[in-house]
Structures are given as structure tokens and as C-alpha cells.
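*Asks:* Predicted structure and sequence below. I'll ask about it afterward.
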Amino acid sequence: MLELKHISYRVSTPEGEMDILKDISLTIPDEKLVVFTGPNGGGKTTLARIIMGLAQPTAGQILYDGQDITELDITERARLGISYGFQQPPRFKGITVQDLLQLAAGQNKLSKDRCCNYLTNVGLCANDYLDREVDVSLSGGEVKRIEIATILARNSKLMIFDEPEAGIDLWSFARLTETFEQIHAKHSATMVIISHQERIIRLADEIIVVAGGQIAHRGTTEEIFPLILADTLGSCPVMTRKETAQ
Amino acid sequence: MITDIDAKLLEKIADLTGKPVGAINIRKDSGCEARQSTEHIEITGKTDKPGIDIRIKPGTRGEKCYIPVIISKTGLTEMVYNDFFVGDDCDVEIVAGCGIHNSGCDESRHDGVHTFYIGKNCRVKYAEKHYGENDPDQTGKNVMNPQTVVYLGEGSTMEMETVQIRGIDSTKRFTKFVCEAGSEVVVTERLLTHGRQIAESEMEIELNGADAKGRVISRSVAQDESEQVFYPRMVGNAQCFGHVQCDSIIMGNAKVKSIPAIAANCTDAQLIHEAAIGKIAGDQLLKLETLGLSPEEAEETILKGFLA
């Protein structure tokens, strides 16, 4: 179980202090699929990065399975079973897709079949990709799918994905949502997914809308999805006028 | 006599363990430690200067030739000339390389000139690895200045892999290819410097015949206070394709200068160069840390992959 207690994140800007996250508290039970959604700049990614240790909160406490991990670094959190899929993953000259999957899997040697499984789950064929370097020869969508495959290979207890759909074609996206569904159905991991995609949002046990550095809404898909739609339309005067005209 | 130290050097620079199969010449401390010719590959010592001639008969296929050099004495300096005569239609692999184990405080130095005369329609793989080490508390410098000149015949291909593993205090490398019609060369250079080491690598690829192709892939890592200079040049004198790519990772207080040059003397020459120098990207380290690697392990993994 993941518990965030009174998490704040403040940065200094030329204009003065700015609160990116303001006193956020939430609990994510094991084996749940939770979606963070909300407007751009609302604080979703910062919140996810704070869970992984990629950013350090300026106030608050993070408990994972009862252990205070607030002061643990990224490596230590990764070794406790937390993984993170970057929205814009880095590329590595000289490191192949197979190397990266093996690094993700850790000590146990990954068979080609296992690699094939992970890549198939993100819509890639192992024969075409295993020996390729994760460098600029791969498209953004390919690197993104390989990134997600590394999280699958990591097989961690808490998987965080930052906008996994970004840059991925429709066909691979469909495959990816099936993969999320399967992991969820097997109750093998807790998933925190930052997403704006309805198909992913609809998979969630709970939706957390992060806006203005706070939790604006939280609840089930049935409770929250109508609110998201209303917020989306309400924020755009042009769309609101159209709705009214209809 | 091959000592344990020599054996380790041979494994490091030429992947040699036990008794090798094929043609071989092991040069140790300026002497001939072992020599073996085969039916198709003849190795003979030069009579006018230090070095050997390697003559590979036309049509030789699937054979390997090892010519490693090891130096175990401190203060030894040598200049060696090795000439390779590769007949038409050969498909062979040549493994060179030099390892120095410096046991004292004097400079040990190996300067080598390798000249290849490659016939038509050949496929040649050539690998050379350079490595230096010192006895504990000894400070003798390890110096290597390899020169490689290749005349590549019509329709032939050559893959050259040149690697400086570590431990070479000073190196000045020169590599030149003269490529005839339909030939293709791929040079892959990997170079690591550390401490206060200095490395300079100059390359010149002349694409003289129609449809000649040249590719240079140079990757280097400069650590600590070390300095590197790269000067790869690709010259297109005919309808040809050439690509030069230099990437360097710079660390500590190192300095790297990369000066790729392309010159077209024919309107149908297509030449490209790319060069990049930068430190290890922070997001690369973070990504590997999220996979459970410590910052040190992450850095090591990135460098190992980059220089693999």
C-alpha cells in the first residue's frame, strides 16, 4: 500500500515561490489501478515523480508498505519494487533493446521468449527489435513502447506510467490497454497511470483528478468521468456555446 | 616464454586463449615468441627492418590470422612494419592488437605501421585492441602510435575495429583507406582515456572509385583530466557515399576536440558528417536508477554500452 501524507512541492522562480503540489494526501491500496488525470501543469507528473524519488517533496511523508521511503533515493525505491515509465524516455547509444530488458529484469537471465512476450505486449516484434540499439534510429513511438516493455520486465509491485499513450499509434495503444487490463485482472501489481485517454481512464478502480497542485476530485469512473467531461467543456467558452446552441 | 601476465594480455587484446588455430605471429619484447603459417597464409619476417609480411593466397576463405604484440619490459621502444598482401577473392579475419605491461618507471612504446594491399572482391575483417597496465606503484608511461594504411581493391569490403581499452598514456593514431570502385570500408573506433592521458586520432578515407562506400563510427569516452582530438576526413573523388559519425562522452575535467571533415571532388559524391560531444545525460542515469541500478552502476552501464 502506498500512502502520501501532506505532500507539498515548492519551487523558486524569478517571480517568487511557487507551489506545484499543495498538501496532497492519498492512499493507494495494493493491486488497484489508479489513474491520475487533469489539466496540463496541474501537478500529476510531479506527484508521480515524487513517488519514484525523481523529485523530493518539500514537505510531507511517503509510506510504502508501511515503510517511510521519503528519504530513500531512486535506486532504493526501485529495489523495493517501485518502477516508473517515463513520458519521454531517454535513448542509449550502444545499449540494445535486449540489454535494456535484461537490466530491467535484474539478476535473472531473461530468455528470448520472455523478451518476446514483453515486446508483444506493447505491439513490437522481438525479431525486429531485440538486437537494435535504443538510439535515434528508433522512432519516438518505438522508444516509448520499449520503455513500457522495460516496466513489464521489471515485474515490480508498483508500476507508475507517465502518459503511456503519448506518441503511440492506435493499434499499439489498443494492445497496451489490453496489457494493462491483463495485469489488473491478475492482481499482480498496483498501477498508477497518468493518462488523458478515456480507454485507460475507464480501466481505473479510482480516478484522481489533479489540478492546481491539489486533488480536485477522486472517485470511481462512474463518479468522476462525467465531472471530467463537464470540466473540459466548461473550460472552453467556444465549446460551451456550441453545446448550448445544440 | 609466455607468462601468466602475457597470457592475460593476449586474451585482452586478441581474445587468445590456449593454442590458437590458424596463422599466428606473437611478438614479445621485440622478439618472435611464436610463428605459424598455414597452407594459405604465410608469415615471414622482414629482413630489412623489424616486422613481418603476411601473404594470403587468392581464394582463401574462412581463415583467421593472429598477430598480437606484447611488451612486458619497461623502457622498451620499438618501431614495427607489418605488410599484408591479400590476394583476390579472400574472406579472412585478421586480429592484431598490442598490450603493454609496464613493470617499471620508464616509458614503454610501440609504434606500428600496418599496410594492407587487398585484392579484388575480398572480405576482410580486421580488429586491433590496445591496452596498457602497470605493476602496482610503477609509473612508466605506456605509449602506442598505430598507423594503418589500406589499399582496398575493386569490389572488396573491409571492416576495421580499433579499440583502445584503457591504460594508454599517449597515442597518436593514423588510419588511411584508399578505396577503389565498388569497395566498402567500415571503420569502428572505440577509445577510452583517463587520468592525464592524451589521444589523437587522424583518419583519411579516400573514395576513389565509382560506388565506393566509406563509413566511420567513432565513439570515445574522455575521463578525468584526459584529452582527445579526432580528425576524421572523408574525400569523395568519384560517385560514392561516405558517412563520418563521431560521438564523445566527456567527464570530469577532460577535453575533447572533434574535427570531422568531408571533401567532395565529384558532383556525384554524397558525404555526410556528424559530431557530438556531451556528458552523460541526466535522464539516462535516472532511467537506469529506476531499474534498480546505483548511480555508479548506471554510469558504468552507459559507458560500457557506448564503447561496446
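*Replies:* Arrived safely, thanks for sending. Here the structure is a predicted model, which means the values were calculated and not measured.

*Asks:* Identify the bridge partners of the residue nearest the centre of chain A.
*Replies:* The residue lying closest to the centre of chain A (CA atoms, centre = their mean) is A:F161, at 1.8 Å. A:F161 forms beta bridges with A:G85, A:I193, as assigned by DSSP bridges.

*Asks:* what's it in contact with, if anything?
*Replies:* Counting by CB atoms under 8 Å, 6 or more residues apart in numbering or on different chains, A:F161 touches A:84-85, A:148, A:151, A:191-195. Placement of C-beta: from N, CA and C, glycine included.

*Asks:* can you rerun that using 10 Å?
*Replies:* A:35-36, A:48, A:83-87, A:147-148, A:151, A:176, A:180, A:191-195, A:200 (CB atoms under 10 Å, 6 or more residues apart in numbering or on different chains).

*Asks:* Look up how far A:D113 lies from A:C125.
*Replies:* 13 Å (CB to CB, to the nearest Å).

*Asks:* meant to ask about B:C122
*Replies:* When B:C122 is compared with A:D113 (using CB to CB), they lie 39 Å apart.

*Asks:* A:P29 too?
*Replies:* In terms of CB to CB, A:P29 sits 33 Å off from A:D113.

*Asks:* who has more neighbours, those two?
*Replies:* With neighbours defined as other CB atoms under 10 Å in any protein chain shown, A:P29 and A:D113 compare such that A:P29 has more, 12 against 8.

*Asks:* residues from the stretch 151-300 of chain B in reach of chain A?
*Replies:* B:190, B:219, B:247, B:249, B:276, B:281-298 (CB under 10 Å from any CB of the partner chain).

*Asks:* mind checking how far the residue nearest to the centre of chain A is from B:Y151?
*Replies:* Distance from A:F161 to B:Y151, by CB to CB: 55 Å.

*Asks:* cool, B:D111 as well?
*Replies:* Taken as CB to CB, the span from B:D111 to B:Y151 is 21 Å.

*Asks:* what's the helix or strand for the spatially most central residue of chain B?
*Replies:* Central residue of chain B (CA atoms, centre = their mean): B:T162, 2.1 Å from the mean position. Using DSSP states H and E, B:T162 sits in strand B:157-166.

*Asks:* Run through the neighbouring helices and strands of the helix or strand just after that strand.
*Replies:* Sequence order places strand B:170-179 as the next helix or strand after strand B:157-166, per DSSP H and E. Strand B:170-179 is packed against strand B:108-118, strand B:123-134, strand B:142-152, strand B:157-166, strand B:184-193, strand B:198-207, strand B:212-222, strand B:227-236, with contacts defined by 3 or more CB pairs under 10 Å, 6 or more residues apart in numbering or on different chains; DSSP states H and E.

*Asks:* neighbouring strands for strand B:170-179, and are they parallel or not?
*Replies:* Strand pairing (DSSP bridges) places strand B:170-179 next to strand B:142-152 (parallel), strand B:198-207 (parallel).

*Asks:* any idea of the angle the shortest one forms with strand B:157-166?
*Replies:* Okay, so that is strand B:198-207. 180 degrees (axes from the mean of the first three to the mean of the last three CA atoms, to 10 degrees).

*Asks:* Quick one: mean pLDDT for strand B:198-207?
*Replies:* Here strand B:198-207 scores 98 as its mean pLDDT.

*Asks:* on that earlier part again, now which of the contacts of A:F161 would you call buried?
*Replies:* Buried residues within the contacts of A:F161, counting neighbours by 16 or more other CB atoms under 10 Å in any protein chain shown: A:35-36, A:48, A:83-86, A:147-148, A:151, A:176, A:180, A:191-195, A:200.

*Asks:* Test for you: state the pLDDT assigned to the closest residue to B:R109 other than its chain neighbours.
*Replies:* Among residues not flanking B:R109 along the chain, B:V143 sits closest, at 4.0 Å (CB to CB, 6 or more residues apart in numbering or on different chains). What the model reports as pLDDT for B:V143 is 97.

*Asks:* what is B:V143 paired to in the beta sheet?
*Replies:* B:R109, B:S170.

*Asks:* what's the neighbour count on it?
*Replies:* 20.

*Asks:* Let me know the pLDDT of B:V185.
*Replies:* Taking B:V185 on its own, its pLDDT is 98.

*Asks:* Against B:K176, how distant is it?
*Replies:* 11 Å.

*Asks:* higher neighbour count, the two?
*Replies:* B:V185 (25 against 16).

*Asks:* Hmm, that one is touching B:G209, no?
*Replies:* No - applying CB atoms under 10 Å, one finds B:V185 not in contact with B:G209, separated by 11.9 Å.

*Asks:* which residues do these two both contact?
*Replies:* Joint contacts of B:V185 and B:G209 (CB under 10 Å, 6+ apart) are B:152, B:178-179.

*Asks:* What would the biggest helix by length in chain A look like as PDB? C-alpha coordinates only.
*Replies:* If you go by DSSP state H, chain A has its longest helix at helix A:170-186. Extracted in PDB, the C-alpha atoms of helix A:170-186 (Å, rounded to 0.1, in the frame of the first residue of the first chain):
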ATOM      1  CA  LEU A 170      -3.800   3.500 -32.300                       C
ATOM      2  CA  TRP A 171      -3.000  -0.200 -32.900                       C
ATOM      3  CA  SER A 172      -0.300  -0.400 -30.300                       C
ATOM      4  CA  PHE A 173      -2.400   1.600 -27.900                       C
ATOM      5  CA  ALA A 174      -5.200  -1.000 -28.200                       C
ATOM      6  CA  ARG A 175      -2.600  -3.700 -27.400                       C
ATOM      7  CA  LEU A 176      -1.300  -1.700 -24.500                       C
ATOM      8  CA  THR A 177      -4.600  -1.200 -22.900                       C
ATOM      9  CA  GLU A 178      -5.200  -4.900 -23.100                       C
ATOM     10  CA  THR A 179      -1.900  -5.500 -21.300                       C
ATOM     11  CA  PHE A 180      -2.900  -3.100 -18.500                       C
ATOM     12  CA  GLU A 181      -6.300  -4.900 -18.300                       C
ATOM     13  CA  GLN A 182      -4.500  -8.300 -18.000                       C
ATOM     14  CA  ILE A 183      -2.100  -7.100 -15.300                       C
ATOM     15  CA  HIS A 184      -5.000  -5.700 -13.400                       C
ATOM     16  CA  ALA A 185      -7.100  -8.800 -13.800                       C
ATOM     17  CA  LYS A 186      -4.200 -11.000 -12.500                       C
END
